[in-house]
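Asker: Generate a structure from the sequence data that follows.
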Amino acid sequence: MKQISILGCGWLGLPLAKALIEKEFTVKGSTTSIDKVALLEKARIKPYVFALEINGTPDNLPDFLAGSDTLIIAIPPKLRGKNKDYADANANSFVKKIENSLPFIATSSVKNLLFVSSTAIYGDVNTTVNENTKPEPVTESGKQLLEIEELLHKNNHFKTTVLRFGGLIGEDRNPARFLAGKENVANPDAPINLIDQKDCIGIILKIIATNTWGENFNAVAPYHPTRKEYYTQKAIEKNLIPPTFNTEEASAGKTIDSDKLVKMLNYTFTNTTL
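Answerer: Numbering: from 1, shown residues only. Below is the predicted model of the structure:
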């Protein structure tokens, strides 16, 4: 029975762990909250309570990694609150936290690593982008994620596949509520780039099943109506107040191309109308 460690059993990591267990994997999962231990144990996940550190590493990190062929990093940079991960000498840096963990990952049993990144690494461009497009991130999270991608790919002790998700939606992240009732929303004619939680999990399972490592993949549903069309429709469907949009300023926004993923993994999106 193969074992996988999931760093971050949150919105994505927890249901992913459950899906892997259904496929007869053994799963170790991390959480920063001791209150979630019982939840993980109930799901048959071996729980580890720790947070990555900027000035060291958690004592139980080596045990968390031990015996696992694959490590999945599914934690976003913390960009709010007193412990936000700004890449600044005086603040907690997400890049530094991952960097501190690398020697332990490199000397562990981990041979394959999947890093959950974001299409934010492409920045603000008015074109269609694919994995060959030069990343030019403008947000703090995008900059840090790109730096981590590069750090992981450079390490030759394991093979890294990077999965760049677009906007995440699911049963508890209903897109109808994202912009409902808001006024003067920017970029009405920009395309949406979203992905359903079920497809996030399906794609990761496919990567593991096909042993596809050392790649970068964009992961966005092939459905790109304008923001105005999409969010107005979703608000109406849920009997919410539709947003109003600023049509006086030109819209800006990229379209994410996920054709590489579809072709290489032979993957079919389950939710293409979102």
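Asker: C-alpha from now on. contacts and neighbour counts both.
Answerer: OK.
Asker: Just the C-alphas of stretch 213-233, formatted as CSV.
Answerer: Only the C-alpha atoms of stretch 213-233 are listed here, as CSV (Å, rounded to 0.1, in the frame of the first residue of the first chain):
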residue,chain,number,x,y,z
TRP,A,213,6.2,14.2,-12.8
GLY,A,214,8.5,17.1,-13.7
GLU,A,215,5.8,19.1,-15.5
ASN,A,216,4.0,22.4,-15.1
PHE,A,217,0.2,22.4,-15.7
ASN,A,218,-2.4,25.1,-15.9
ALA,A,219,-5.7,23.8,-14.5
VAL,A,220,-8.8,25.9,-15.5
ALA,A,221,-12.1,24.7,-16.9
PRO,A,222,-12.4,25.3,-20.6
TYR,A,223,-15.2,27.8,-20.1
HIS,A,224,-14.5,31.5,-20.4
PRO,A,225,-17.6,33.8,-20.5
THR,A,226,-17.1,37.4,-19.4
ARG,A,227,-17.2,38.3,-15.8
LYS,A,228,-20.3,40.3,-16.4
GLU,A,229,-22.1,37.5,-18.1
TYR,A,230,-21.1,34.8,-15.6
TYR,A,231,-21.6,36.6,-12.3
THR,A,232,-24.8,38.2,-13.3
GLN,A,233,-26.2,34.8,-14.3
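Asker: Quick check: buried residues in it?
Answerer: Under the neighbour-count criterion of 16 or more other Cα atoms under 10 Å, stretch 213-233 has 213, 216-224, 226-228, 230-232 buried.
Asker: Narrow the residues you listed to those in helices?
Answerer: For those, the ones inside helices are R227, K228, Y230, Y231, T232, with DSSP state H as the criterion.
Asker: Pull up the gap between the fourth one and R177, please.
Answerer: Summarising the geometry, the distance separating Y231 from R177, computed by Cα to Cα, to the nearest Å, is 9 Å.
Asker: ditto for the third one
Answerer: Counting by Cα to Cα, the separation of Y230 from R177 is 12 Å.
Asker: And stretch 249-259, end to end?
Answerer: 31 Å.
Asker: Ramachandran angles for S118?
Answerer: phi -150, psi 150 (degrees, to the nearest 10).
Asker: whoops, I mixed them up, L71
Answerer: According to degrees, to the nearest 10, L71 has phi -120, psi 130.
Asker: Measure how buried it is and give me the count.
Answerer: 25 (other Cα atoms under 10 Å).
Asker: list the contacts for it?
Answerer: For L71, the contacting residues are I4, S5, I6, L7, L65, V110, N112, L113, L114, by Cα atoms under 8 Å, 6 or more residues apart in numbering.
Asker: likewise P62?
Answerer: F104, I105, S108.
Asker: Which one of these sits in the busiest neighbourhood?
Answerer: I105 (21 neighbours).
Asker: At which residues are the helices of the stretch 101-250 of the chain located?
Answerer: Under the criterion DSSP state H, counting those that start in this stretch, helices of the stretch 101-250 of the chain are mapped to 140-154, 176-179, 197-210, 227-237.
Asker: Switch these over to TSV; also include mean pLDDT and distance to L71.
Answerer: Compiled in TSV, those are given as follows (pLDDT from 0 to 100; distance: least, Cα to Cα, whole Å):
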stretch	mean pLDDT	distance to L71
helix 140-154	94	12
helix 176-179	91	32
helix 197-210	98	11
helix 227-237	95	35
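Asker: any chance of the ones you listed in TSV, with distance to N60 too?
Answerer: Listed next are the helices of the stretch 101-250 of the chain as TSV, based on distance: least, Cα to Cα, whole Å:
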stretch	distance to N60
helix 140-154	21
helix 176-179	38
helix 197-210	25
helix 227-237	44
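Asker: Ok, which of those helices comes nearest L12?
Answerer: With distances scored as Cα to Cα, the stretch of those nearest to L12 is helix 197-210 (7.1 Å).
Asker: Excluding covalently adjacent residues, which one is nearest to K96?
Answerer: I54 (5.7 Å; Cα to Cα, 6 or more residues apart in numbering).
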